[in-house]
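Trainee: how does the following fold in three dimensions:
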Amino acid sequence: MKKIFYSDSSRLILRLLSLVLFFCAAGLSACDDENEANEEKAIFEKLQGTWKSTYIVMHDNFTSINGETYNESIDEAITSKGNEWYIRWKFDRNRKVTILESGSSDDIQLPATFGFTLSGNRISGIPFSGDFTSYSTITEISDTQFIIEMEDKGRDKDGKSDYYHRITFEKVQ
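Mentor: Purely as a prediction, here's the structure:
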């Protein structure tokens, strides 16, 4: 078996190289954090204002513990305030979202205001959570439109749920 011995200068070069690699990795991590913070700030700024839902894609697949299944799929434009997926809400600089109108028959007194948080492109808060997930993802945003998606999969005492929706919003103010 051949032993490899390093000279003092070789050890010094290896240590320096290790330090350089460590700082490069730390710098890349810091860049990722900075990029996420910049993305979050841009999303926050673009969210400000009043938005209404204009399109929904939804899949809801549920299997009860007894094996009964429920499946629903929607892929449609939201053209009236009577559509159960219609929502008009306003985001403000205090990290609050106020639901101004809703086509859903939920027992909620409107207007209703909730807090929200952003983490990169993930938005959290009561209007953005499901039974098994605590956030939705803003997949696209511009000055005039944004798209939000939520995947909510899990199992509880009632059965297994596999739910997904993608809702497009248009800025109205």
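Trainee: quick check: residue 87 touching residue 53?
Mentor: Yes - in terms of C-beta atoms under 8 Å, residue 87 counts as a neighbour of residue 53; the distance is 4.8 Å. For the C-beta atoms, the positions are set from N, CA and C on the backbone; glycine is no exception.
Trainee: nearest residue to residue 70 other than its sequence neighbours?
Mentor: Spatial nearest neighbour of residue 70, excluding adjacent residues (C-beta to C-beta, 6 or more residues apart in numbering): residue 62 at 4.4 Å.
Trainee: which residues touch the one you found?
Mentor: Residues in contact with residue 62 (C-beta atoms under 8 Å, 6 or more residues apart in numbering) are 69, 70, 71, 159, 160, 161, 162, 163.
Trainee: what sits against the fifth one?
Mentor: Contact criterion C-beta under 8 Å, 6+ apart gives 62, 63, 154 as the residues in contact with residue 160.
Trainee: ok, 6 Å please
Mentor: With contact set as C-beta atoms under 6 Å, 6 or more residues apart in numbering, residue 160 has these partners: residue 63.
Trainee: which of the three states applies to it?
Mentor: Following DSSP: H, G, I helix; E, B strand; the rest coil, we place residue 160 in the strand state.
Trainee: what's the next secondary structure element after the lengthiest strand in the chain?
Mentor: Taking DSSP state E as the criterion, the chain has its longest strand at strand 49-64. Where DSSP states H and E defines the elements, the next helix or strand beyond strand 49-64 is strand 69-77.
Trainee: next, the angle from that next one to strand 49-64.
Mentor: Between strand 69-77 and strand 49-64, the angle comes out at 160 degrees (axes from the mean of the first three to the mean of the last three C-alpha atoms, to 10 degrees).
Trainee: for the residue most central in space within the chain, give me its contacts.
Mentor: Centroid-nearest residue in the chain: residue 137, 1.9 Å away (criterion: C-alpha atoms, centre = their mean). Applying C-beta under 6 Å, 6+ apart, we find residue 137 in contact with 121, 122, 149.
Trainee: which residues does the second one bridge with?
Mentor: The residues listed as beta-bridge partners of residue 122 by DSSP bridges are residue 119, residue 137.
Trainee: does residue 113 touch residue 96 like I think?
Mentor: Yes - look at residue 113 against residue 96 with C-beta atoms under 6 Å: they come within range, at 5.3 Å.
Trainee: tell me where this protein has helices.
Mentor: Per DSSP state H, the chain carries helices over the ranges 8-47.
Trainee: flag the shaky bits of it, pLDDT-wise.
Mentor: 1-36 (pLDDT under 70).
Trainee: please repeat the previous calculation with a cut-off of 90.
Mentor: For the chain, applying pLDDT under 90 flags the ranges 1-39, 104-108, 173.
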